[in-house]
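Undergrad: need a 3D model of the sequence below.
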Amino acid sequence: MSARFSSECRPNPLVLEAKEQDQRSITQNRPKSLPCKQDIYLGFFFDGTNNNKYRDTDAFAHSNVARLYEVYSGEPTVAKLKVLKKAAKADAAAAWSSVIPKDEKKYYRKTYIPGVGTPFIELGDSGEGMDNTLGLAMSKHGEVRINWALLQVSNHIHAAIMGTQFSDPLKDDAELATEMLDETARDRGSQYSIRTPSRGRGFILQDRSQKLAKAIAPIVRGSPTIRSVRLSVFGFSRGAAEARVFCSWLQKYYSDGIAGIPLKIDFLGIFDTVASVGLANSVPIGGVEGHYAWASEENLQVSSAVKRCVHLVSAHEVRGSFPLDSIGSGAHCKEVVYPGVHSDVGGGYPPNDQGRSIGEGAAGDAKKLSQIPLAQMYREALIASVPLLAPIDFNDFHQSNFKIDPVTVKVFNDYIAATRFGSGKPSGVMWLTEIQAEEPLLQIIHRHYGIFLRWRKSMLGKVHLLPGIAASLDSAAKKTQDRHDLQTTDQALQQELNMLEKYSPLVSELSIWPAKVGDWSGGVSTEWHKQEAVSPASKVLFETLVHDSRAWFKPGNFSDDDQVWFNDGGMEKSRKIMIKSIEAEQERIRSPYRLSDEQMKLVDNKDYKKNVERIENLKTNKTYMVRSGGQEPIRLYGYLRWRHVFGAAALSAPLQEPVSKEVMRRRELENQQHENNLQSLNQQNINARKRYQEGQINAQSYGEALRDNSLRMSAEHQRHAAAMAAIK
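TA: Here you go, the predicted structure:
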């Protein structure tokens, strides 16, 4: 499998070069006699894990998929969706390219699918509580999103031809999408069963195609004749996995067309595919790799029916929960490696986060590293004749979404120049202008992660002191949390290093995951200990643009969602609980003295005086609450490892032996029990919070209940891991 590292960002990032323009002319393939023949253009946009444009755009944290959706010419499936506290939020007005005639606009349509772990209320996903937790961890509600998108194909065709939708997208289609689920998943209300459905979905889609054919028959006999339905599909993270499966199922069920109309997939544009459906690769159980249910390796394969597939992937992502699913080789496939972690490629970080991309609003947004891969995906889509707006048609909102700060371009290009390895030349219709060397995918990723490791080594003990956090325009509370996260993971890195340096198979084989030991001895140690200096260009990139995804990611906590902590009052609630807890402690200290608060100030009790200061600091915001712990465990993952890449030919981990039906059944039952136990524990938290708010228990009892439940939850995760490991 071969790929290339990113080229330098060109002076005009959104403009095609001559060879690219020529290829676009070929791919346009528009009917020569427009009054007689017409194509229908459909765009589908699957957003990433915990990405939702309705929630994120105001904070300049919307992903690259959301930004591309905004410049796709077409009417949306729905005008608005429910988000955040179930209040509906409207789409932006439909965008139109100036080259599309007014009477043809009805043939251009698009659908946006919010990311798993975020609200899609109409499909039964609240984006809160267990929907959020299991959406982020196991891609719950992922399959129903794909089903719903499949139904929108016939909806769009009916709307383009008849002027009305075939069915109600948010009522009828929501019910059908659930009906199309695997029977076991439907009964459990989840979407990560081990079994993969086919018959129910196929029957519903074929039946719908036949009914659509009858409905449009009187119109399509006339003029213009509908020549084909041309699709463009985009995705990021688990949304990229959804996009790939969506294309596979389109080919599976509509290979002969839909309602008698040929269906073509012009373009599949995806950012850093992560499947992690069901138990993910981060779960330390042999044979568990996150390819359950709809995200099977077969479903993730990119069909040769896709005319152009471009996959932009991260060079510096390392989290165990985010293994990469490569697209492999193929004449129609192109894989480009970009510097940065997962969301530095697919977008989604707000400006100022972790002291990166510092600036107010749109100014900070333009400084983000993710703006550069966004520009490449825009160009790649244009080459494939995806009906995106030309820059001349951009309004202020679109221009802001695609702007790249000149300083970011320089820092990026300096890194590309400083790390250039070998040389290549343009090749075929996929690599029209690139001159970076063509190499095995893992070789590129490992080389660039090695550069990061050497920089990280140089920052041991001081990474939290980088000036970016102090200069950030984030709130003091957010900067305190960022600094805390970086410092604690920095300390954990030192522990991780000590553990690996002292590793002995005779005494350590049960305490360190074998795959991690294999990575350490298989090149990570060599990269860490290299004496090669880190170039100034690399230092600037890592210190100002590349985020630390491991530091903020806390799957061990009940929720790792900053939205809940900073914006939905989580931190404030915790602050009040902490104050009441300290006050209860003060009452316990004061009780033997039988003195008032004022009298206690005269007593020489260090604990009491310390608590007085703690309460004052919390009340005046001199001290901020932080969420501690919860990062992926260093004995399994950490920084000193390679990111796992699926589909990377012989360099990838070998496939597991076939799993028997009985083992699959037992795993399914255990998964169900685990989910039920987690839901029960979550309900106990909710009940305790309600009792506290109603005054039935005090702050100390509430805090104790939460701590006890946290221990029970940790024990449940350990029980589940042991139970799954025992199923053979």
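Undergrad: could I get the full set of strands for the stretch 301-450 of the chain?
TA: Counting by DSSP state E, counting those that start in this stretch, one finds strands in the stretch 301-450 of the chain at the ranges 309-314, 324-325, 333-338, 438-440.
Undergrad: now swap in the chain and tell me
TA: Assigned by DSSP state E, the chain shows strands spanning 2-5, 37-46, 75-76, 80-83, 87-90, 108-113, 225-236, 263-271, 309-314, 324-325, 333-338, 438-440, 645-646.
Undergrad: who wins for proximity to L486 among those?
TA: Taking Cβ to Cβ as the measure, the strands of the chain were each checked against L486, and strand 309-314 came out nearest at 19.2 Å. Bear in mind the C-beta positions are built from the backbone N, C-alpha and C, glycine included.
Undergrad: mind checking how far that closest one is from the chain centre?
TA: The offset between the C-alpha centroid of strand 309-314 and the centroid of the whole chain comes to 14 Å, using Cα atoms, centre = their mean, to the nearest Å.
Undergrad: what strands flank it, and is each parallel or antiparallel?
TA: Pairing partners of strand 309-314, with direction, according to DSSP bridges: strand 263-271 (parallel), strand 333-338 (parallel).
Undergrad: reformat those strands as CSV; add distance to G257.
TA: CSV is the format used below for these (distance: least, Cβ to Cβ, whole Å):
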stretch, distance to G257
strand 263-271, 5
strand 333-338, 24
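Undergrad: of the ones you listed, flag the one that's most buried.
TA: Greatest average neighbour count among the strands paired with strand 309-314 goes to strand 263-271 (a mean of 25), per mean count of other Cβ atoms under 10 Å.
Undergrad: could you export that strand as PDB, CA atoms only?
TA: Extracted C-alpha coordinates of strand 263-271, given in PDB (Å, rounded to 0.1, in the frame of the first residue of the first chain):
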ATOM      1  CA  LEU A 263     -26.600   5.600  -9.900                       C
ATOM      2  CA  LYS A 264     -23.000   6.800 -10.000                       C
ATOM      3  CA  ILE A 265     -20.600   7.700  -7.100                       C
ATOM      4  CA  ASP A 266     -18.400  10.500  -8.500                       C
ATOM      5  CA  PHE A 267     -16.500  11.100  -5.400                       C
ATOM      6  CA  LEU A 268     -15.700   9.800  -1.900                       C
ATOM      7  CA  GLY A 269     -13.800  12.400   0.200                       C
ATOM      8  CA  ILE A 270     -12.900  11.200   3.700                       C
ATOM      9  CA  PHE A 271     -10.800  12.500   6.600                       C
END
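Undergrad: quick one: mean pLDDT for that strand?
TA: Taken as a whole, strand 263-271 has an average pLDDT of 98.
Undergrad: over to stretch 44-51?
TA: Taken as a whole, stretch 44-51 carries a mean pLDDT of 95.
Undergrad: restricting to C-alpha, output that stretch in PDB.
TA: C-alpha atoms of stretch 44-51 as PDB (Å, rounded to 0.1, in the frame of the first residue of the first chain):
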ATOM      1  CA  PHE A  44     -24.000  13.300   1.500                       C
ATOM      2  CA  PHE A  45     -22.000  14.600   4.400                       C
ATOM      3  CA  PHE A  46     -21.300  12.300   7.400                       C
ATOM      4  CA  ASP A  47     -19.800  14.400  10.300                       C
ATOM      5  CA  GLY A  48     -17.200  13.000  12.700                       C
ATOM      6  CA  THR A  49     -17.400  11.600  16.200                       C
ATOM      7  CA  ASN A  50     -18.700  14.400  18.500                       C
ATOM      8  CA  ASN A  51     -19.000  16.800  15.600                       C
END
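Undergrad: re earlier: for I686, find the nearest of the strands of the stretch 301-450 of the chain.
TA: Taking Cβ to Cβ as the measure, the strands of the stretch 301-450 of the chain were each checked against I686, and strand 324-325 came out nearest at 35.3 Å.
Undergrad: give me the helices and strands touching that closest one, please.
TA: Using 3 or more Cβ pairs under 8 Å, 6 or more residues apart in numbering; DSSP states H and E as the contact criterion, the secondary-structure elements in contact with strand 324-325 are helix 238-254, strand 645-646.
Undergrad: could you look over the ones you listed and pick the most buried one?
TA: For these, average neighbour numbers computed from mean count of other Cβ under 10 Å are highest in helix 238-254, which has a mean of 25.
Undergrad: quick check: mean pLDDT of it?
TA: Here the average pLDDT along helix 238-254 is 95.
Undergrad: and the angle for it with strand 108-113?
TA: Between helix 238-254 and strand 108-113, the angle comes out at 130 degrees (axes from the mean of the first three to the mean of the last three Cα atoms, to 10 degrees).
Undergrad: which secondary structure elements does helix 238-254 contact?
TA: Helices and strands in packing contact with helix 238-254 are listed as strand 37-46, helix 142-162, helix 199-220, strand 225-236, strand 263-271, helix 297-300, strand 324-325; criterion 3+ Cβ pairs under 8 Å, 6+ apart.
Undergrad: now do that helix against strand 37-46, angle only.
TA: With the same axes, to 10 degrees as the basis, helix 238-254 and strand 37-46 are set at 140 degrees to each other.
Undergrad: which non-adjacent residue is nearest D125?
TA: Setting aside the residues directly before and after it, D125 is nearest to H141 in space (Cβ to Cβ, 6 or more residues apart in numbering), at 4.1 Å.
Undergrad: just N64 next, same as before
TA: Setting aside the residues directly before and after it, N64 is nearest to G347 in space (Cβ to Cβ, 6+ apart), at 3.8 Å.
Undergrad: now for that neighbour, how many residues are close by?
TA: Other residues near G347 come to 29 when the count uses other Cβ atoms under 10 Å.
Undergrad: now the strands of the stretch 301-450 of the chain in a markdown table, with distance to A471 and mean pLDDT?
TA: What follows is the strands of the stretch 301-450 of the chain, written out as a markdown table (distance: least, Cβ to Cβ, whole Å; pLDDT from 0 to 100):
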| stretch | distance to A471 | mean pLDDT |
| --- | --- | --- |
| strand 309-314 | 25 | 98 |
| strand 324-325 | 32 | 94 |
| strand 333-338 | 25 | 97 |
| strand 438-440 | 37 | 94 |
